[in-house]
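Undergrad: need coordinates for the following:
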Amino acid sequence: MASDKTLPSAEITSAPTPSKAQYLSGWKLGIVILSLFLGVFVISLDSSIIGVVIPSISSHFQALDDVAWYGSAYLLTITAFQPLYGSMYKYFNVEVIFRTCLVVFEVGSILCAAAVSSRMFIVGRAIAGMGAAGILQGALSIISMTVVMEKRPLYQGVVISVFVISVCIGPVIGGAFTTHGIWRWCFWINVPIGAITFVLLIFVLRIQGSKNKNRSLAVSEKLRRLDPIGCLVFMAAVCCLLLALQWGGQTKPWRSATVIGLFTGAGLLLILFVLIQIWRGEDALIPLRVLRQRSIWTGGGVLFCLGAATYAVTYYMPFYFQATKGTNAIQSGVDLIAVFLPEMVALIATSGIVTQWGHYVPYMIVGELICVAGTVLISRVQTDSPRIFWAAALVVHGTGMGVAMQLPYTAVNLVLHDDDIPTGNAIAVFLWQLGGALAIAIGQTIALNNILHEVPLQVPELSPERVMSWGAANLAALAPSADALHKLREIWCTSVSHVMLFAVGCVCASVLCTCGMEPLNAKRVAQQREQAVDEEEDGVSTANGTKP
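TA: Residues are numbered from 1 along each chain as shown. You can find the predicted model right below:
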């Protein structure tokens, strides 16, 4: 046998795959995938709807000062709880944890829908985020335990594509509910979908062979290995970072003592967290041997960069549609179909191709290069750009993003032991979320800085503060003249273009990270593990005297 030094890390770190008898097939697998699809759908729909309804909610509760918390409360919990759920899926029953996350999310949604005050709504958003944090990575873990390895890219692509679908229809649904004065249905709609998912999973999902040395430990030992101190320190670091990004430049100046203190605190807590992980070794929240895997940290970098680019485009292009083109919230959601429809098609098609041929790194690079071209085109939009130009740019961007965005999750299954896959999924989902959160904050700073600089020069009769507080919608009511309206639209267009240039840089960085990933073949790794299982079973049979 060759030495470890000559083997790819997928063979060094991964134990043989369990017998294929534990995997699902046929109608049972179809219903499980449908259930996971619906479970991820409710959290993705919730994320895509909220931006449209926040103005109506703040007006209803007459709590404009709380607007920042409507998004921050959810973002804080869904990001900070990712590593904790990774450990919970590692040590506890996967089915129970997933259903619990679904119930917690539904409770948060009900609190939001029935909220009688702004504070109650914020608490509901925080609880919903706690549940949502474990749903996507739970779905990925369930796929890894119920689907044979060579077919996992396809089913992961199907489940992840739900984010594309929800972003297509979320703003439209949210805009329709808001227009008719029934914004609470943006949250009530999650209840029946979640209930259907819960019932389907109870009756159909049976994970065979999930019992291992980690899930067989005593409850007290499991709780100790969850690394409670590391969890608290990590959550505190994430909270400090995200609060600094949420408040900086919006409710507080970037140079304020509060924002600087939060950034400093986040850095110190992160250093403390790393020291705790080194000290705890194998019992750490995120064992360092997992992070040392080349495809884990490079794949995480890809997800961080692509997450940042995705959020930058989908969050700030509606500003272009509403401010520059004068469309409403519903129409801007419809316009974004130009990016999401090709993204979904490319995502599913690429998942099928990778399932068939095994290689995935080359497709990631091709997708990212296509995405770079599309994002560059988006950054070139002007106030008078025809629909065919910006729609074609969005189609190219979406196609490239769809080809590349889900494939780093395939690497998690190939290079990690089955016991460590939940931890790998937690790292991947966390970095995607963190990239998006940072992109929104950085994009806001870029856009607002351009407004602060250009408004006094081009429209001196308006203050930059008034332009920023007015927002992107209905600029015609703000502008004192037709010439001022034209200049305001140009200023907003330039602001969005600058944000798109930031997105271009993120996608380019993802190409560099992808080049560092191991060029593995999913089909070949699956065959090697299957062969190892057969050899192991033959050895056991021979030892028991059942084979000659």
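Undergrad: so residue 144: helix, strand or coil?
TA: Here residue 144 is recorded as helix under DSSP: H, G, I helix; E, B strand; the rest coil.
Undergrad: which one is it nearest to, not counting chain neighbours?
TA: Nearest residue to residue 144, sequence neighbours excluded (Cβ to Cβ, 6 or more residues apart in numbering): residue 421, at 5.0 Å. To be clear about C-beta, it is placed using only N, CA and C from the backbone, and glycine gets the same treatment.
Undergrad: what about that neighbour, how many residues nearby?
TA: Residue 421 has 25 neighbours, counted by other Cβ atoms under 10 Å.
Undergrad: same deal with residue 99?
TA: 18.
Undergrad: looking at it now. What's its pLDDT?
TA: What the model reports as pLDDT for residue 99 is 90.
Undergrad: any idea how far it is from residue 124?
TA: 20 Å (Cβ to Cβ, to the nearest Å).
Undergrad: could you do residue 181 as well?
TA: 20 Å.
Undergrad: the two: who's more crowded?
TA: Neighbours of residue 181 and residue 124, each counted by other Cβ under 10 Å, are more numerous for residue 124; the result is 22 against 9.
Undergrad: is it true that the more buried one touches residue 109?
TA: Yes: using Cβ atoms under 8 Å, residue 124 makes contact with residue 109 at a distance of 7.2 Å.
Undergrad: overlap in contacts, those two.
TA: residue 187 (Cβ atoms under 8 Å, 6 or more residues apart in numbering).
Undergrad: what is the burial count for residue 287?
TA: 16.
Undergrad: revised request: answer the last question for residue 447.
TA: 23.
Undergrad: and what of residue 392?
TA: By other Cβ under 10 Å, neighbour count at residue 392 equals 15.
Undergrad: for it, which non-adjacent residue is spatially closest?
TA: Spatially, and ignoring its direct neighbours in sequence, residue 392 is nearest to residue 377 (7.2 Å; Cβ to Cβ, 6+ apart).
Undergrad: pLDDT score assigned to that neighbour?
TA: At residue 377, the predicted lDDT confidence score is 95.
Undergrad: and the gap between it and residue 316?
TA: 15 Å.
Undergrad: same question for residue 76.
TA: Per Cβ to Cβ, residue 76 is found 22 Å from residue 316.
Undergrad: then residue 406?
TA: Distance, residue 406 to residue 316, by Cβ to Cβ: 23 Å.
Undergrad: quick check: phi and psi at the closest residue to residue 521 other than its chain neighbours.
TA: What sits nearest to residue 521 in space, not counting adjacent residues and going by Cβ to Cβ, 6+ apart, is residue 358, at 3.8 Å. Backbone geometry at residue 358, expressed as degrees, to the nearest 10, gives phi 100, psi -40.
Undergrad: how about residue 358, what does it touch?
TA: Per Cβ under 8 Å, 6+ apart, neighbours of residue 358: 150, 521-524.
Undergrad: with those residues in mind, which one is nearest to residue 500?
TA: Nearest to residue 500 out of the contacts of residue 358 is residue 522 (Cβ to Cβ; 33.4 Å).
Undergrad: which pLDDT value goes with that closest one?
TA: With respect to pLDDT, residue 522 has a value of 78.
Undergrad: got any ranges where the stretch 101-250 of the chain has weak pLDDT?
TA: 168, 179, 208-212, 214, 249-250 (pLDDT under 70).
Undergrad: number of nearby residues for the residue nearest to residue 392?
TA: Residue 377, neighbours per other Cβ under 10 Å, totals 20.
Undergrad: okay, and the helix or strand of the chain with the least pLDDT?
TA: Counting by mean pLDDT, DSSP states H and E, the chain has its least confident helix or strand at helix 9-13, which shows a mean of 42.
Undergrad: tell me the pLDDT of the closest residue to residue 295 other than its chain neighbours.
TA: For residue 295, ignoring the flanking residues on the chain, the nearest one in space by Cβ to Cβ, 6+ apart is residue 411 at 4.2 Å. Residue 411 is assigned 86 on the pLDDT scale.
Undergrad: correct me, but residue 411 touches residue 294?
TA: No: the pair residue 411 / residue 294 is not scored as a contact, 9.4 Å apart, by Cβ under 8 Å.
Undergrad: who's more crowded, these two?
TA: Neighbour totals were compared for residue 411 and residue 294, and residue 411 leads with 27 against 14 (other Cβ under 10 Å).
Undergrad: helix, strand, or coil at the more buried one?
TA: Going by three-state DSSP: residue 411 is helix.
Undergrad: contacting residues for the residue nearest to residue 392?
TA: Applying Cβ under 8 Å, 6+ apart, we find residue 377 in contact with 389, 392-393, 396-397.
Undergrad: tell me which element it is part of?
TA: Using DSSP states H and E, residue 377 sits in helix 361-379.
Undergrad: ok, and the closest non-adjacent residue to residue 137?
TA: That would be residue 425: by Cβ to Cβ, 6+ apart, it lies 4.1 Å from residue 137.
Undergrad: quick one: residues contacting the one you found.
TA: 86, 89, 137, 140-141, 144, 409, 412.
Undergrad: just give me the closest of those residues to residue 346.
TA: Nearest to residue 346 among the contacts of residue 425, counting by Cβ to Cβ, is residue 409 at 15.7 Å.
Undergrad: average model confidence for the helix or strand containing residue 275?
TA: Following DSSP H and E, one finds residue 275 within helix 257-280. Averaging pLDDT along helix 257-280 gives 90.
Undergrad: could I get the buried residue list for it?
TA: Buried residues in helix 257-280, counted by 16 or more other Cβ atoms under 10 Å: 259, 262-263, 265-266, 269-270, 272-274, 276-277, 280.
Undergrad: closest to residue 481 out of those?
TA: Out of those, the member with the shortest distance to residue 481 (by Cβ to Cβ) is residue 259, at 37.1 Å.
Undergrad: distance of the closest one relative to residue 446?
TA: 17 Å.
Undergrad: residue 299 now?
TA: Residue 299 is 27 Å from residue 446, by Cβ to Cβ.
Undergrad: neighbour count for these two, which is higher?
TA: Under the neighbour definition other Cβ under 10 Å, residue 299 and residue 446 were set side by side, and residue 299 has more, 29 against 19.
Undergrad: now the longest helix along the chain: buried residues?
TA: Secondary structure assigned by DSSP state H gives helix 421-458 as the longest helix of the chain. Buried residues in helix 421-458, counted by 16+ other Cβ under 10 Å: 421-448, 450-451, 454-455.
Undergrad: how about stretch 341-350?
TA: 341-344, 346-348, 350.
Undergrad: sorry, back to before: in helices, which of the contacts of residue 358 fall?
TA: Those of the contacts of residue 358 lying in helices (DSSP H): 522-524.
Undergrad: in JSON lines: those residues, plus distance to residue 385.
TA: JSON lines is the format used below for the ones in helices among the contacts of residue 358 (distance: Cβ to Cβ, whole Å):
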{"residue": "522", "distance to residue 385": "41"}
{"residue": "523", "distance to residue 385": "44"}
{"residue": "524", "distance to residue 385": "46"}
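Undergrad: from those, pick the one nearest residue 330.
TA: residue 522 (41.0 Å).
Undergrad: rewinding a little: who has more neighbours, residue 406 and residue 316?
TA: residue 406 (28 against 25).
Undergrad: what backbone torsions are found at the more buried one?
TA: As for residue 406, its main-chain torsions (degrees, to the nearest 10) stand at phi -100, psi -10.
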